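>>> This is the structure alone, sequence omitted:
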């Protein structure tokens, strides 16, 4: 790795030639979110005009093909040029163009340190810590928006006969809630905590691809807004799965759905690829695979899934869009297409996606348990093997979503087997947790409470997964609220509880402030009770015959549905407490937290909070694993000021040398 | 359970308490009680009931899963409850816990035990698919298991029905209704689903437009309705009475209203119903296309305002699905 030693110029997003050295423009002259918005608007107008130009007099051969009075080609091209305009406004292309013109680029490391002040959070920046914070705020906004849609769903389901929304609006809301949660929450851990903490945890000063990392974030606000814009286009009435051929005949909102989902697919490929390469290539000397923190293992698995499954999603969404615009008929059975093709493509992405949502949670709870048990992680290798096993197996289970679909029944035993097999590596996570708890000295901090709740929720979610994996039992449960409760237990009960644990655990590190622990405990107990009170009865509702995504249901199920709705409002309240705590602690009280409040051995806690511009003054030499609690006379976790010779030996390619120190 | 563990906690610190034995005993008692309750008290009331052969088989599968998973849930919760009660940090104790990195035997036992349970479940599930247990779920045009006498391949076999022979009912999904076609009774088509008691029924599920899912809840039948696909499911209704049919796959604006009710009658009453319906619908049946496993709704668009539409409200096999530009409530 060639280290740039030439003195650079002051950071300017988009780069500048040598002549521009030292010249810093005023904040409003520099590429940032306001120029991006201008670019997006101009791009959309141009694309829409171009689409209308192309489309005039184009024959429609597919049944449906959107509403007759709208133009799918203009909408899709509008979105496409909007993305290009947005990125151009952010200055994303400046480096590329400068490079093509043979101009010298600014060194990345100067950029990360040179950009200060609040305005950097609104810019295309190459600092992984800034991107992490951008992701954090973005994800909280996306999550709360999608959560409001959930509140609307539960409001409608208060009564089977009195309706707040029309049938059409209700299905739109269901689709917006599901899609926003499932597509944007793929990055809820990897975005904020992965980008921020992985370099710190592996002793790196930077990530492998800072531009891709920043690009992956800046695509998410667009995906969010485009998805919301579906409402203006008549919505989409097919849920988050977007099955063809409903997607071909439905209103123009489907264009927004497919474009946003495809865009987010590109974002997760980039984000995953960056973390993958960072973990493989940027580990500090002595950070062997056997010393890698569990959180990094979890994100490594997530990145593999994102990088390999994401392209299938992009492909499926692209085909949906071409079916609707260029009339390709991939999914129109009458014209030689197949609805099964879409289902296979979607779930080949969709099932790994479920584990994209689960693995970071596994990583977080196993990272936090040793800290608050004051014990080493029980069975480190089993834990890592469990996550690798989940990663690999998750590519071989997708057809269990199609057990009743009429696809070749000979496939069913195979997919039943693989689905049930995946509970073995998932079980490892429980083995590790229970072993770590054995004779521990448990500290009931707020992050620990969320971790423990994770195990309870994931236990229920996992066990209900065994019910749906068995085909005779699944016949009743498939497509009902049982399945819906099952995956909310694994994703909301797993991932979101782990996200909360991560917030309370790492925000002091990332922001250098304390979060209010009393409010945290209130939030925890309200969230845990309300969550279980919401989703546990839904298993019964599903078994009693209520299908998903219906706005009316059997009268005898009203009591249960009302109970669920009221619990769901309390669940929403608990999230509100989190937001209030977050804003209160970061904006109003701002109690500084500079040290290591959890007495953690994690490498990320060995630097100051928040970390300096380049994370570590020198590349640290890792001396032992991160979970060696209670080991008498053990070495410290890392040498932060290693002698010069050690580093030189490490960079010359021999990784084993510094470990001998 | 938590209180019980707390009572024994002081003893835990003196001498050599056997934490494992205590957790085992708690687990044994609670999971035994839970399993007995599930098997005897809850089991007979589990969905989807016992109205048909497939419903009974699904109920037993759900019951078995519950009985198997209860001890697992109890074990994890008992362990966590015990651990959180007994092994908590005491006031002023800043020491770390014992540096325990793993335990080869326990890890091996855990991996072996979970593998055995999981593989056992997979074998059980696979065997149940070779028998009638998986027949309630849609299996496509070539099911693994068929009831005796269900090789209805020739036109002659399809032409008539007599007790003892599987009754063929074609389910045609469209936005946002199901219609039912009885090929063994001249191929008449109706919006009423009526089935004979104690006779095997073969559902051939297909769709005209988008993906629907035919879910006869009390019968334990669920089969997706895909356009251009013949999805076969079997069941044998064992009790007379009414059952609910709902669409279980989101199919557009009025998915929520896509439900109706079916009836199971005794064989003689079913035959009487079928005979009279066949006669009353004869003039419309003549206009319908010949019975086929799938239909192209765009073939006979003239039917949309024709006599079929007037009499039945919609035409199903005869084409005429709701165009997407016109999403009116059915």
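Here it is on my side, so go on. Because the structure is a prediction, the values reported are computed rather than measured. Numbers count the residues shown, from 1 in each chain, chains lettered A, B, ... in the order given.

>>> just for the chain, where's the confidence low?
Since no chain was named, I'll use chain A. Across chain A, the ranges flagged by pLDDT under 70 are A:1-28, A:56-70, A:104-116, A:646-661.

>>> was after chain B, sorry
Using pLDDT under 70 as the threshold, the predicted model of chain B has low-confidence ranges B:1-16, B:152-157, B:297-330.

>>> All the helices of it, in order from the start?
In chain B, the helices defined using DSSP state H lie at B:2-13, B:19-36, B:53-86, B:104-130, B:155-159, B:267-280, B:282-285, B:307-312.

>>> Which one, of those helices, ends up nearest to residue A:460?
Across those, the minimum distance to residue A:460, taken as Cβ to Cβ, is reached by helix B:53-86, at 7.5 Å. Where C-beta positions appear, they are placed from N, C-alpha and C, glycine not excepted.

>>> is that closest one up against chain A anywhere?
Yes. In this structure, helix B:53-86 sits against chain A according to Cβ under 8 Å from any Cβ of the partner chain; the contacting residues are B:54, B:57-58, B:61-62, B:65-66, B:68-69, B:72-73, B:76-77, B:79-80, B:83-84.

>>> Make TSV out of the helices of chain B and add mean neighbour count.
Shown next, in TSV, are the helices of chain B (neighbours: other Cβ atoms under 10 Å in any protein chain shown):
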stretch	mean neighbour count
helix B:2-13	12
helix B:19-36	15
helix B:53-86	21
helix B:104-130	16
helix B:155-159	12
helix B:267-280	15
helix B:282-285	16
helix B:307-312	15
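
>>> so residue B:270 touches residue B:196, yeah?
Yes. Proximity of residue B:270 to residue B:196 meets the contact threshold set by Cβ atoms under 8 Å, at 3.9 Å.

>>> And the helices of chain B: which comes nearest residue B:97?
If you check each of those against residue B:97 by Cβ to Cβ, helix B:53-86 wins as the nearest, at 11.5 Å.

>>> Could you check the angle that closest one makes with helix B:104-130?
Our comparison of helix B:53-86 with helix B:104-130, counting by axes from the mean of the first three to the mean of the last three Cα atoms, to 10 degrees, yields an angle of 170 degrees.

>>> Now do residue B:183 against residue B:202, distance only.
In this structure, residue B:183 lies at 10 Å from residue B:202, with Cβ to Cβ, to the nearest Å as the measure.

>>> burial count for residue B:191?
Neighbouring residues of residue B:191 were enumerated by other Cβ atoms under 10 Å in any protein chain shown; the total is 13.

>>> so the residue lying closest to it once chain neighbours are set aside bridges to which residues?
The spatially closest residue to residue B:191, leaving aside those adjacent along the chain, is residue B:179, at 5.7 Å (Cβ to Cβ, 6 or more residues apart in numbering or on different chains). Per DSSP bridges, the residues bridged to residue B:179 are residue B:172.

>>> wait, doesn't residue B:281 sit right on residue B:192?
No. Counting by Cβ under 8 Å, residue B:281 does not reach residue B:192; the two are 10.8 Å apart.
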